[in-house]
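Asker: return atomic coordinates for the entry below.
(one chain, ligands or ions: 1)
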Amino acid sequence: MLPTKDTGAATELATLPVTEPRNPGTELDLGWVSSARANRSAIERRTASLPGRRSVKKDHQAAWLCRAISCIDLTTLGGDDTEGRVRRLCAKARQPVRADLLQALGMQGLTTGAICVYHDMVPAAVEALEGSGIPVAAVSTGFPAGLSPFHLRLAEIGESVEAGAAEIDIVISRRHVLTGNWQALYDEMQAFRAACGEAHVKAILATGELGTLQNVAKASLVCMMAGADFIKTSTGKESINATLPVSLVMIRAIRDYHDRTGYRVGYKPAGGISKAKDALVYLSLIKEELGDRWLRPDLFRFGASSLLGDIERQLEHHVTGAYSASWRHAAG
Ligand SMILES: O=C[C@H](O)COP(=O)(O)O
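Answerer: Next comes the predicted model:
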């Protein structure tokens, strides 16, 4: 559970320097992969208890909601995206909450963790965010299905990096997981990581298409062994996107990887997270399973297109006592 008193952890902003060494990956350890287990009933029991528990209130809740904002990859991934829409979203990333509310909360300078767009929108986003320090993430490698020719998937990464994307969200080939071809998954992920160069790489597992939680655990490990900086649940386009059981499995794989290698890999639940109260549940899960170090934008992100709007409504209510209509928070 999140602390009901704000110990300062929640209000500290995302401006701290990132000192975490990048995960260089390891050899593919098939013994480790085959030993990965996921007990669905135990996992579901654990996660079912989370939303009902007493949540943080008032000032502490506002502080944790601001923390959640600092960890949002504010996303637009529509076929109808335009540069104008991306510029509006970037303005929202720079100032995610009304200035008077931020001032009342003592949170001036708060920004989202990143902006996440398709490749074609990267130049507009980079330009709109210039000087802000907010990174642009590009979805890549034939997102969302990941079924374009392999050389084109690698070229796509290179072009997005060239255009200024500092983070690349790749999609894995689900068939490698479904057929248990861990070597192929490892090789693919390693090639994607190499193509990213200095840009950080998030591996989207598309967990809703992997069949079992055990497959999710194994795919998480293989992607980390191949050098993923983050593992991410979903594209937002699968019929099942981020869930708490899948999150628990991935978070525990991250913990296991850290215990064995000393490297911290980030976690990004994405798709369908649109309510402030759900964001708080995710933050508590991270805190309980991985600890405070992971509650910073260099190790935790929400992939979300509409979560910010609900958080802003809650913060407005906290400061003014009144709720605004949701249409007033259309961007994000
Ligand atoms: O990676 C981010 C997701 O595509 C966003 O999904 P969402 O629109 O359900 O929030």
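Asker: so after the helix or strand bottoming out on mean pLDDT in the chain, what's the next helix or strand?
Answerer: Within the chain, confidence by mean pLDDT, DSSP states H and E is lowest for helix 58-70 among all helices and strands, at a mean of 90. Scanning the chain past helix 58-70 towards its C-terminal end, the next helix or strand to appear is strand 72-75 (assignment: DSSP states H and E).
Asker: what lines up beside that following strand in the sheet?
Answerer: Looking at strand 72-75 with DSSP bridges, its paired strands and their directions are strand 114-117 (parallel), strand 302-304 (parallel).
Asker: close to the ligand: what parts of this protein are there?
Answerer: With the criterion set to CB under 6 Å from any ligand atom, the chain comes near the ligand through 75, 77, 116, 235-236, 270-272, 303-306. C-beta here means a position set from N, CA and C on the backbone, and glycine is covered the same way.
Asker: go again using 8 Å as the cut-off
Answerer: Contact residues of the chain with respect to the ligand, defined by CB under 8 Å from any ligand atom, are listed as 73, 75, 77, 116, 139, 169, 204, 232, 234-237, 241, 268, 270-274, 303-307.
Asker: ok so, going back, could you give me the buried positions within the least confident helix or strand of the chain?
Answerer: Using 16 or more other CB atoms under 10 Å as the test for burial, helix 58-70 gives 60-70.
Asker: do you know the pLDDT at residue 56?
Answerer: Per-residue confidence (pLDDT) for residue 56: 67.
Asker: next one: residue 139
Answerer: 98.
Asker: what do you get for the one 4 residues further on?
Answerer: With respect to pLDDT, residue 143 has a value of 98.
Asker: check the one 10 residues further on too.
Answerer: Note for residue 153: predicted pLDDT of 98.
Asker: for the strand or helix carrying it, list the C-alpha coordinates in PDB.
Answerer: Following DSSP H and E, one finds residue 153 within helix 150-162. The C-alpha coordinates for helix 150-162 follow below in PDB (Å, rounded to 0.1, in the frame of the first residue of the first chain):
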ATOM      1  CA  PHE A 150      12.500  -7.900 -40.300                       C
ATOM      2  CA  HIS A 151      14.900  -5.600 -42.100                       C
ATOM      3  CA  LEU A 152      12.200  -3.000 -42.300                       C
ATOM      4  CA  ARG A 153      11.500  -3.300 -38.600                       C
ATOM      5  CA  LEU A 154      15.200  -2.600 -37.900                       C
ATOM      6  CA  ALA A 155      15.200   0.300 -40.400                       C
ATOM      7  CA  GLU A 156      12.100   1.800 -38.700                       C
ATOM      8  CA  ILE A 157      14.000   1.900 -35.400                       C
ATOM      9  CA  GLY A 158      16.900   3.600 -37.000                       C
ATOM     10  CA  GLU A 159      14.700   6.200 -38.700                       C
ATOM     11  CA  SER A 160      12.900   7.100 -35.500                       C
ATOM     12  CA  VAL A 161      16.200   7.500 -33.600                       C
ATOM     13  CA  GLU A 162      17.500   9.700 -36.400                       C
END
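Asker: next secondary structure after that helix?
Answerer: Under the assignment DSSP H and E, the closest C-terminal helix or strand after helix 150-162 is strand 167-171.
Asker: report the buried residues of the following helix or strand past that following strand.
Answerer: Scanning forward in sequence from strand 167-171, with DSSP H and E defining helices and strands, the next element found is helix 174-178. The neighbour-count criterion (16+ other CB under 10 Å) identifies 174, 176-177 as the buried residues of helix 174-178.
Asker: and helix 174-178, average pLDDT?
Answerer: The predicted model gives helix 174-178 an average pLDDT of 98.
Asker: mind listing what's buried along the helix or strand following that helix?
Answerer: Later in the chain than helix 174-178, the nearest helix or strand by DSSP H and E is helix 182-196. Buried positions in helix 182-196, judged by neighbour count with 16+ other CB under 10 Å: 182, 185-186, 188-193, 195-196.
Asker: as a markdown table, these with pLDDT and distance to residue 144 would be great.
Answerer: Converted to a markdown table, those look like this (pLDDT from 0 to 100; distance: CB to CB, whole Å):
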| residue | pLDDT | distance to residue 144 |
| --- | --- | --- |
| 182 | 98 | 22 |
| 185 | 98 | 17 |
| 186 | 98 | 22 |
| 188 | 98 | 16 |
| 189 | 98 | 17 |
| 190 | 98 | 22 |
| 191 | 98 | 19 |
| 192 | 98 | 15 |
| 193 | 98 | 20 |
| 195 | 98 | 19 |
| 196 | 98 | 18 |
